[in-house]
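Chemist: 3D, please:
(2 chains)
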Number of protein chains: 2
Amino acid sequence: MNAPASLRQFTKPLPVAFLEALRSKFGDRVSTAAAVREHHGRDESPFAPTPPDAVVFAQSTDDVVALVRLCAEHRVPLIPYGVGSSLEGHLLAIEGGVSVDLSQMNRVLAVNAEDLTATVQAGVTRKQLNTEIKDTGLFFPIDPGADATLGGMAATRASGTNAVRYGTMRENVLNLTVVTAEGKVIRTARRAKKSSAGYDLTRVFVGSEGTLGVITEVTLKLYPQPEAISAAICNFPTVGDAVRATIQTIQMGIPIARCELLDAVGVKAVNAYSKLSLRESPLLLFEFHGSTSNVREQAEAVQEVAREHHGMDFEWATQAEERNRLWQARHNAYFAVLQLKAGSRALSTDACVPISRLAECIEQTQADLKDSWIISSVIGHVGDGNFHVEMLVDPNSASDLEEAERLNRRIVERAIALQGTCTGEHGVGLHKMDFLRIEHGDDALDLMARIKRAFDPLNILNPGKVVRA
Amino acid sequence: MNAPASLRQFTKPLPVAFLEALRSKFGDRVSTAAAVREHHGRDESPFAPTPPDAVVFAQSTDDVVALVRLCAEHRVPLIPYGVGSSLEGHLLAIEGGVSVDLSQMNRVLAVNAEDLTATVQAGVTRKQLNTEIKDTGLFFPIDPGADATLGGMAATRASGTNAVRYGTMRENVLNLTVVTAEGKVIRTARRAKKSSAGYDLTRVFVGSEGTLGVITEVTLKLYPQPEAISAAICNFPTVGDAVRATIQTIQMGIPIARCELLDAVGVKAVNAYSKLSLRESPLLLFEFHGSTSNVREQAEAVQEVAREHHGMDFEWATQAEERNRLWQARHNAYFAVLQLKAGSRALSTDACVPISRLAECIEQTQADLKDSWIISSVIGHVGDGNFHVEMLVDPNSASDLEEAERLNRRIVERAIALQGTCTGEHGVGLHKMDFLRIEHGDDALDLMARIKRAFDPLNILNPGKVVRA
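Modeler: Next up, the predicted model:
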């Protein structure tokens, strides 16, 4: 078996003058070493590594400006890189070019605790931010599992476990500093909580996946740490029961902070990986935030709903340590499931549907999965109508990849038919580009392509991703 | 004294062939009557009426498609019209053309109560929607005061009194049906609560003020009616005290649903207009939503904060009738203040700043106002850092208009210096276009202009507003 082929579409090398200019400007912060390039040419998707021709480690917005200008001058593609935790091939250098690694731009620039905002460089990770602001009594809730950079999270419109209460990056980015395709530095907004001042450039860049500009700074909303936090596990006989309990909870407007589904396969994997002894049937993992009495009220209401749907008694985790262990296990579920089959890579679906359609969507998906040889687990941010099927594939097996893609396509088409989306939070990257046309239609996609051409007329910013220019 | 001049920039009449095609397509739903045109050429701003050449009453998305195609063919400007409640000259036909009145597109198309969403035609007003969905136990919170159309509210990124808890139209629009400048019909998204599927076209159109496309349908988030609602008035010795109490409330993360400021002039005007007997000193008008115990908890916490800032005892309005009367009075404050000087029009500022800067921003503004002859009142959605100064001008007095503009300019420049915005919720229209450049800078404004040119290459959609193409 051969390793899967790189997705590089042509192999024009970097212009010599460009490489010389890079080296003269960035010195040893330019690398063309194979290992460094390889590291920057892959993400968590099952796509084959597709390395850039060079990697530049930026340390400032000015660095990015200089780099973008050189790339524009020499027509060289440029791909922003955070920690490489994306899932849809966003980072692959399919047209070669330079990966700009922003991980050294890792300073928290300002914490405006009295305004509940913080401004960070794009390479700051969500955990780093939360560690640095801990003493302010505030926190940043958005939590996609991976310790992603906040620039990357903005670029992919990430969300995760807390979104059911706190929203996604769409709702939580106040302002971005962006280097445009011409190497201009703009700020998309100011620090006011709301504004009607012109087109919403912030939201244009949130979710643009490096194709419209390079995000170098992010101003985020923060939230007061809740007075009380409580987490609970509730097992159900079937995934359908768990989902129906979720739907009713949401419809009642109970402001749960987290509501995560694991199917039995996922629970088994998590038990093995994180050395837990959770009951191995489908479960919901809840978290409640609020005042002490409010948390109690929410929990009682949800318990009642769960009982109506055959849920077992809640098992509580009220101590921070116990809770963290549980959530760490949930966040590691992706890696836990990966361990179920040695040497495998995961292809993860990301359907998101209106909550009323979630039960049928997941149950029909389970029927599909039952008929396939692919090992898989259904894991989901079900409070938002969003779930992932993590499918394990041998990256060297064409039939595994084909079968996983077939299942993914069925899931996407079903989600779209149910008025949902092909991607709730992972983004488009390379992998969802064709689905985007089914989801939005030709004319809406044409408007997206117009934005791309208007912002990046030379098509140097992460070319070949999201929409075809 | 002459009436102020229309702002029409040139007077090319409508092409005869265009007018004939309009009449053939729309029959008696086309009007060129002076009174109808005049009605569609003014909003609540002090700008002189600047009528379109014709008004078309659309009844369907297909009508809008046919109209846009005719306008494109004949290069005729097209201005969407809801109820004319905008405040910045958005509707003025400064280049002539056709006003498309969407008020007959007033059907609620779908209420998906189980998903907490509703889809409406653009001409449905917020009050109509809330009346029609009353029995579902849900409500739509966004409330700009005027009974605006939901299409208009989306187009101006409106918010209002409830935004402090429920967000603005930015957060509450899930999907739009839009007719593009070429007469194509697109949907910007689907009904899933979240999505990372490509560029955020929904947010591109929310706040685009009719310059990028004509919004014909809107899918909105709904919320369960709270179990308990309670409103209270708290008087303060000074506006500064009231604002400092607000700031502390927000910083503590108390999830108040409304927090509105009226200064003493505003209270007096409201008393006279709405026949109330509120104590005539600055006041905050709070509303709390939640479970019964949660509402009590919030109210107790806010009372304590208010006392620290010299607030008097809360006066409660727990009965729905009493509460509605109070909120109706608040919503009529704009008209109440207008009555303070017969024959006047209002110029309303709309600064919004980070909450920590709100007290200094308002206090410095008050000092400006004290030195001016213009009668004014400070009214605000202070929980969001947003406040309006309603300034009364004689529309025939050049010196009044000039002085009000001078004050407005000072307020905007101060807000921007404090990292705020020139418009929190009213939008840009004609009136804020120059401020947009100060707020965003040339390069960001250039990106906005690129979006405009990409979406509307013929510049027929509400030309001359928001950004210069």
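
Chemist: any idea how far B:Leu338 is from the nearest residue to A:Pro77 once chain neighbours are set aside?
Modeler: Sequence neighbours aside, A:Gly97 is the residue nearest to A:Pro77 in space, at 2.9 Å (criterion: C-beta to C-beta, 6 or more residues apart in numbering or on different chains). C-beta: built from backbone N, CA, C; applies to glycine. Distance, A:Gly97 to B:Leu338, using C-beta to C-beta, to the nearest Å: 60 Å.

Chemist: more neighbours: which of these two?
Modeler: A:Gly97 (24 against 20; other C-beta atoms under 10 Å in any protein chain shown).

Chemist: right, and the more buried one touches A:Arg75 too?
Modeler: No - with contact defined as C-beta atoms under 8 Å, A:Gly97 does not reach A:Arg75; the gap is 9.4 Å.

Chemist: pull up the overlap in contacts between the two.
Modeler: Counting by C-beta atoms under 8 Å, 6 or more residues apart in numbering or on different chains, the residues touching both A:Gly97 and A:Arg75 are A:Ile460.

Chemist: any weak-confidence spans in chain A?
Modeler: A:1-4 (pLDDT under 70).

Chemist: other SSEs contacting the helix ranked longest in it?
Modeler: If you go by DSSP state H, chain A has its longest helix at helix A:398-417. Secondary structure elements in contact with helix A:398-417, counted by 3 or more C-beta pairs under 8 Å, 6 or more residues apart in numbering or on different chains; DSSP states H and E, are strand A:345-348, helix A:358-370, strand A:386-393, helix A:433-440.

Chemist: in a markdown table, list those along with distance to A:Asp63.
Modeler: Below are the helices and strands packed on helix A:398-417 laid out as a markdown table (distance: least, C-beta to C-beta, whole Å):
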| stretch | distance to A:Asp63 |
| --- | --- |
| strand A:345-348 | 33 |
| helix A:358-370 | 45 |
| strand A:386-393 | 35 |
| helix A:433-440 | 30 |
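
Chemist: ranking these by burial, who's on top?
Modeler: Neighbour counts (mean count of other C-beta atoms under 10 Å in any protein chain shown) averaged over each of those peak at strand A:386-393, with a mean of 26.

Chemist: now that strand, how far from the centre of its chain.
Modeler: 14 Å (C-alpha atoms, centre = their mean, to the nearest Å).

Chemist: just checking, what packs against that strand?
Modeler: Using 3+ C-beta pairs under 8 Å, 6+ apart: strand A:386-393 touches helix A:333-338, strand A:345-348, helix A:358-370, strand A:376-381, helix A:398-417.

Chemist: tell me, how many residues neighbour A:Trp373?
Modeler: Neighbour number of A:Trp373 under other C-beta under 10 Å is 7.

Chemist: tell me how far it lies from A:Ile379.
Modeler: For A:Trp373 relative to A:Ile379 (C-beta to C-beta), the value is 20 Å.

Chemist: over to A:Val265?
Modeler: On the measure of C-beta to C-beta, A:Val265 and A:Ile379 end up 9 Å apart.

Chemist: so which residues of the stretch 101-250 of chain A form helices?
Modeler: Here the stretch 101-250 of chain A has its helices, by DSSP state H, counting those that start in this stretch, at A:126-132, A:150-156, A:163-166, A:169-172, A:201-205, A:239-251.

Chemist: go through these and name the closest to A:Ser103.
Modeler: helix A:150-156 (9.6 Å; C-beta to C-beta).

Chemist: can you tell me the SS state at A:Pro51?
Modeler: coil (DSSP: H, G, I helix; E, B strand; the rest coil).

Chemist: A:Cys71 too?
Modeler: Going by three-state DSSP: A:Cys71 is helix.

Chemist: who's in contact with the residue nearest to A:Ala158 when sequence neighbours are not counted?
Modeler: Of all residues not flanking A:Ala158 in the chain, A:Pro144 sits nearest, at 4.4 Å (C-beta to C-beta, 6+ apart). For A:Pro144, the contact set (C-beta under 8 Å, 6+ apart) comprises A:Ser85, A:Arg126, A:Met153, A:Ala158, A:Ser159, A:Gly160, A:Glu425.

Chemist: spell out the secondary structure type for the closest residue to A:Pro224 other than its chain neighbours.
Modeler: Counting by C-beta to C-beta, 6+ apart, A:Pro224 lies nearest to B:Gly253, which is 3.4 Å off, once chain neighbours are set aside. Here B:Gly253 is recorded as coil under three-state DSSP.

Chemist: surely B:Gly253 meets A:Glu227?
Modeler: No - the pair B:Gly253 / A:Glu227 is not scored as a contact, 9.1 Å apart, by C-beta under 8 Å.

Chemist: who has more neighbours, these two?
Modeler: Applying other C-beta under 10 Å to B:Gly253 and A:Glu227 shows that B:Gly253 carries more neighbours, namely 17 against 13.

Chemist: give the contact list for the more buried one.
Modeler: When the contact criterion is C-beta under 8 Å, 6+ apart, the partners of B:Gly253 are A:Leu116, A:Tyr223, A:Pro224.

Chemist: what residues are up against the first one?
Modeler: Think A:Leu116. A:Leu138, A:Lys221, A:Leu222, A:Tyr223, A:Pro224, B:Ile250, B:Gln251, B:Gly253, B:Ile355.

Chemist: apply 6 Å and report the result again.
Modeler: A:Leu222 (C-beta atoms under 6 Å, 6 or more residues apart in numbering or on different chains).

Chemist: any idea how far B:Glu360 is from it?
Modeler: In this view, A:Leu116 and B:Glu360 are 18 Å apart by C-beta to C-beta.

Chemist: now the second one
Modeler: The gap separating A:Tyr223 from B:Glu360 is 25 Å, by C-beta to C-beta.

Chemist: stretch A:418-431 and chain B in contact?
Modeler: Yes - counting by C-beta under 6 Å from any C-beta of the partner chain, contacts between stretch A:418-431 and chain B involve A:Gln419, A:Gly420, A:Thr421, A:Cys422, A:Thr423, A:Gly424, A:Glu425, A:Gly427, A:Val428.

Chemist: contacts only, for the nearest residue to the second one once chain neighbours are set aside.
Modeler: So that's A:Gly420. Nearest non-adjacent residue to A:Gly420, counting by C-beta to C-beta, 6+ apart: A:Val353, 3.2 Å away. Taking C-beta under 6 Å, 6+ apart as the criterion, A:Val353 is in contact with A:Cys361, A:Gly385, A:Ala415, A:Leu418, A:Gly420, B:Ala192.

Chemist: hmm, back to that, how about the contacts of A:Pro144 in JSON lines, adding neighbour count?
Modeler: Below are the contacts of A:Pro144 laid out as JSON lines (neighbours: other C-beta atoms under 10 Å in any protein chain shown):
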{"residue": "A:Ser85", "neighbour count": "20"}
{"residue": "A:Arg126", "neighbour count": "24"}
{"residue": "A:Met153", "neighbour count": "32"}
{"residue": "A:Ala158", "neighbour count": "29"}
{"residue": "A:Ser159", "neighbour count": "31"}
{"residue": "A:Gly160", "neighbour count": "25"}
{"residue": "A:Glu425", "neighbour count": "27"}
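
Chemist: now those residues in a markdown table, with distance to B:Ser103?
Modeler: Below are the contacts of A:Pro144 laid out as a markdown table (distance: C-beta to C-beta, whole Å):
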| residue | distance to B:Ser103 |
| --- | --- |
| A:Ser85 | 49 |
| A:Arg126 | 46 |
| A:Met153 | 42 |
| A:Ala158 | 40 |
| A:Ser159 | 37 |
| A:Gly160 | 42 |
| A:Glu425 | 38 |
